[in-house]
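Undergrad: give me the fold of what follows.
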Amino acid sequence: MGQHWKKIWVGSAGNMVEWFDWFVYASFATYFAGSFFPAGNDTAKLMNTAGIFAVGFFMRPVGGWLLGRVGDRKGRKAALTLTVSLMSASAVLIAVAPTYAVAGYGGAAVLLVARLLQGLSVGGEYAASATYLTEASAPGRRGFASSFQYVSMTAGQILGLGLQIVLQHTLSSSELHSWGWRIPFVVGALGAAVIFYLRRNMLETEAYTEAAGESAEGGAGESAAQAADRGTIRALMRHKREALLVVALTMGGTLAYYTYTTYLTKYLSNSAGLPKQTATLVSFCALLVFACLQPLAGALSDRIGRRPLLITFAVGSTFLTVPIMAMLKHAGSFWPALGLSLLALVVVTGYTSINACVKAELFPTGIRSLGVALPYAVANALFGGTAEYVALWFKKAGIESGFSWYVAGCAAVSLVVYLTMRETRDIDLKRVGGAPEGAAPVEAGKVPAS
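TA: Coordinates of the predicted model:
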């Protein structure tokens, strides 16, 4: 158990820093949007920065492919070390990027390159950490252990928002807009350097080492042909059904998650009319509770299965998104806004707490990292990364409520998938094809019933 917790701690700590760097771009965008683009409409400037934010998501499939391949061929540890190196470099670039007044659109170009690097990094980080946490957990505790992925993701955002609150109370508005927004990126770069050291000394998972023929027992492991096939698109194509399933089950969940996390602060400030400090505090408090809910829901899934939680999320998101967003727009003060935000995030917990292990449980060891990374990154590029930009587009077009219906519709599509997919809780990760313990290995491309 001690080794399991050590692996979970190192994997989670690195994930936290990765997502701190990723999310501070979104949370500080209102302060640096005017630094990289000429004077004009505030919503237009936010759309420009949101567009660069979305571009980072479109690099995630590339990162998912490259780093997923590294994770399957070189090990989960190698992939996790590489992701944090890329994230550290991107944070440094944003911290030193020149403004529009100094370099014209050159500063925006540096910002774009940094986001591309972040996209590569996070595209591999999600799958590498999801695979690592799922494989490193004790039998029967995968839901609980893998829930720490979103605990650490949310902790990264909480730290970002907490730093934002501190800076809002220690710096003037003009100081924040001129240079104060660079501070979180310096902090992120330093944190990534620390995590690089920790990950260089982390332990590989047993599932990977045994599959690669490196187990302590000296097992034969896989053949040369199987080793050459690891982490390839050819191998992934033998699991097309699982790959499409990852895209479909991610669709509604990632859109809802980014709506109530990265976009929420802007929505409360830009649409509900709350002061920026109040909107930030609402997000901070809501996310703090949200992080605490993840292990509880993950542990529940180990007892009752993954599907009940996924279905609960999809039903709640389908029918509650429109009224929640409408009431948030007229919340008017801290407490109503906090209560509605918490309700939304409780619903989203049904997805976030277990989606990492569900996806990892769909694939055999030799293709697990790429199998999670690439289809998940595609779904995020199409739905999660564009959430903020689409929301602002609806607002600029004068039909802001249309975004709420869009989120609800995507959740409804995922609901159909959750209702028809099989349970994955009892799958044995070490068996070829992910067969349940005591069962014969399943054919490639088929998901066994529990």
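Undergrad: contacting residues for the residue nearest in space to the middle of the chain?
TA: Compute the mean C-alpha point of the chain, and by C-alpha atoms, centre = their mean the closest residue is residue 126, 6.1 Å away. By C-beta atoms under 8 Å, 6 or more residues apart in numbering, residue 126 lies in contact with 64, 149, 356, 372-373, 376-377, 380. Every residue, glycine included, has its C-beta placed from N, CA and C.
Undergrad: can you give me the buried ones in the helix or strand harbouring it?
TA: Residue 126 is part of helix 106-136, with elements assigned from DSSP states H and E. Within helix 106-136, the residues that count as buried by 16 or more other C-beta atoms under 10 Å are 107-108, 110-112, 114-136.
Undergrad: any idea how far residue 244 is from residue 88?
TA: Per C-beta to C-beta, to the nearest Å, residue 244 is found 34 Å from residue 88.
Undergrad: so those two - more neighbours on which side?
TA: More crowded of residue 244 and residue 88, by other C-beta atoms under 10 Å: residue 88, with 24 against 12.
Undergrad: the more buried one: what's its closest spatial neighbour, skipping adjacent residues?
TA: residue 192 (3.4 Å; C-beta to C-beta, 6 or more residues apart in numbering).
Undergrad: where does this protein have low pLDDT?
TA: Applying pLDDT under 70 to the chain picks out residues 1-4, 39-47, 50, 53, 213-226, 431-450.
Undergrad: hmm, residue 21 is touching residue 195, no?
TA: No. With contact defined as C-beta atoms under 8 Å, residue 21 does not reach residue 195; the gap is 10.4 Å.
Undergrad: higher neighbour count, those two?
TA: Neighbour count, other C-beta under 10 Å: between residue 21 and residue 195, residue 21 has more, with 28 against 24.
Undergrad: can you verify the more buried one is assigned to a helix?
TA: Yes. Assessed with DSSP: H, G, I helix; E, B strand; the rest coil, residue 21 lies in a helix.
Undergrad: if we can go back for a sec, let me know the closest of the contacts of residue 126 to residue 319.
TA: residue 380 (24.1 Å; C-beta to C-beta).
Undergrad: what degree of burial does the closest one show, as a neighbour count?
TA: When neighbours are counted by other C-beta under 10 Å, residue 380 comes out with 28.
Undergrad: residues touching it, list them.
TA: 57, 60, 126, 250, 254.
Undergrad: and the nearest residue to the first one once chain neighbours are set aside, backbone torsions?
TA: Nearest residue to residue 57, sequence neighbours excluded (C-beta to C-beta, 6+ apart): residue 385, at 2.2 Å. Main-chain torsions, residue 385, degrees, to the nearest 10: phi -70, psi -30.
Undergrad: in a markdown table, list the contacts of residue 380 along with distance to residue 399 and secondary structure.
TA: Listed next are those as a markdown table, based on distance: C-beta to C-beta, whole Å; DSSP: H, G, I helix; E, B strand; the rest coil:
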| residue | distance to residue 399 | secondary structure |
| --- | --- | --- |
| 57 | 24 | helix |
| 60 | 28 | helix |
| 126 | 32 | helix |
| 250 | 26 | helix |
| 254 | 23 | helix |
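Undergrad: export these to JSON lines and append columns for distance to residue 427.
TA: Formatted as JSON lines, the contacts of residue 380 follow (distance: C-beta to C-beta, whole Å):
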{"residue": "57", "distance to residue 427": "29"}
{"residue": "60", "distance to residue 427": "26"}
{"residue": "126", "distance to residue 427": "20"}
{"residue": "250", "distance to residue 427": "19"}
{"residue": "254", "distance to residue 427": "23"}
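Undergrad: hmm, residue 328 is touching residue 274, no?
TA: No. Residue 328 is beyond contact range of residue 274, at 9.7 Å (criterion: C-beta under 8 Å).
Undergrad: and stretch 129-148, C-alpha only, in PDB?
TA: Extracted in PDB, the C-alpha atoms of stretch 129-148 (Å, rounded to 0.1, in the frame of the first residue of the first chain):
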ATOM      1  CA  SER A 129      -1.200  10.400 -15.500                       C
ATOM      2  CA  ALA A 130      -4.600   8.600 -16.100                       C
ATOM      3  CA  THR A 131      -2.700   5.500 -17.100                       C
ATOM      4  CA  TYR A 132      -0.100   5.800 -14.300                       C
ATOM      5  CA  LEU A 133      -2.600   6.400 -11.500                       C
ATOM      6  CA  THR A 134      -4.900   3.600 -12.700                       C
ATOM      7  CA  GLU A 135      -2.100   1.100 -13.100                       C
ATOM      8  CA  ALA A 136      -0.400   2.100  -9.800                       C
ATOM      9  CA  SER A 137      -3.600   1.700  -7.700                       C
ATOM     10  CA  ALA A 138      -4.300  -1.300  -5.500                       C
ATOM     11  CA  PRO A 139      -6.900  -3.900  -6.900                       C
ATOM     12  CA  GLY A 140     -10.400  -2.800  -6.200                       C
ATOM     13  CA  ARG A 141      -9.300   0.800  -5.600                       C
ATOM     14  CA  ARG A 142      -8.800   2.100  -9.100                       C
ATOM     15  CA  GLY A 143     -11.800   4.500  -9.000                       C
ATOM     16  CA  PHE A 144     -10.600   6.100  -5.800                       C
ATOM     17  CA  ALA A 145      -6.900   6.300  -6.900                       C
ATOM     18  CA  SER A 146      -7.600   7.700 -10.300                       C
ATOM     19  CA  SER A 147      -9.900  10.300  -8.900                       C
ATOM     20  CA  PHE A 148      -6.800  12.100  -7.700                       C
END
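Undergrad: and for that stretch, what's in contact with it?
TA: So stretch 129-148 is in contact with 1, 4, 7-8, 11-12, 14-15, 71, 76-77, 80, 149, 152, 205-208, 294-295, 297-302, 306, 353-354, 356-357, 359-361, 365, 368-369, 372, 425, 429, going by C-beta under 8 Å, 6+ apart.
Undergrad: drop anything exposed from the residues you listed.
TA: Buried members of the contacts of stretch 129-148, scored by 16+ other C-beta under 10 Å, are 7-8, 11-12, 14-15, 71, 76-77, 80, 149, 152, 205-208, 294-295, 297-298, 300-302, 306, 353-354, 356-357, 359-361, 365, 368-369, 372, 425, 429.
Undergrad: now, which of those residues lie within helices?
TA: Judged by DSSP state H, the subset of the buried ones among the contacts of stretch 129-148 located in helices is 7-8, 11-12, 14-15, 71, 76-77, 80, 149, 152, 206-208, 294-295, 297-298, 300-302, 356-357, 359-360, 365, 368-369, 372.
Undergrad: show me where the stretch 351-450 of the chain has strands.
TA: Per DSSP state E, counting those that start in this stretch, the stretch 351-450 of the chain carries no strands over any range.
Undergrad: without its sequence neighbours, what residue ends up closest to residue 301?
TA: Closest to residue 301 by C-beta to C-beta, 6+ apart is residue 143, at 3.7 Å.
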